[in-house]
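A.B. asks: Sharing a model that was predicted from the sequence below.
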Amino acid sequence: MEGAIDYSLPDTSIAYRLYLECGRMINLYDWFLAFEAILERGRSLLKQKNGEMDDEEEDDDEDGKGQKLASLNKHRVLSQ
């Protein structure tokens, strides 16, 4: 896919590239959904490559979501 954002980039890079694609007004809900879709695409590709995850890895995946939300909140605070 040409122009697609690489899911292996750091979270802040993904968020920034999505920001650059937005116009003057940013709908944060749509921005977050696009961010989540990129990460989900990466997860699904990794699952296909490595097979299905076990329960312990799924728990680690939930912890990663908290880190991503904290990163977005930190970005929001810094941009104010």
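C.D. replies: Structure's in. What do you need? Residues are numbered from 1 along each chain as shown.

A.B. asks: Spell out which helix or strand contains residue 16, please.
C.D. replies: Per DSSP states H and E, residue 16 falls inside helix 11-21.

A.B. asks: next SSE after that helix?
C.D. replies: helix 28-50.

A.B. asks: mean confidence score for that following helix?
C.D. replies: Helix 28-50 shows an average pLDDT of 87 in the prediction.

A.B. asks: Just the buried positions in the helix holding residue 16, please.
C.D. replies: 11, 14, 15, 18 (16 or more other CB atoms under 10 Å). Heads up, the C-betas are built off the backbone N, CA and C, glycines and all.

A.B. asks: how about stretch 24-41: buried residues?
C.D. replies: Under 16+ other CB under 10 Å, the buried positions of stretch 24-41 are 31, 34, 35, 38, 39.

A.B. asks: closest to residue 49 among these?
C.D. replies: Nearest to residue 49 among the buried residues of stretch 24-41, counting by CB to CB, is residue 39 at 15.6 Å.

A.B. asks: That closest one contacts residue 7, doesn't it?
C.D. replies: Yes. Using CB atoms under 8 Å, residue 39 makes contact with residue 7 at a distance of 6.2 Å.
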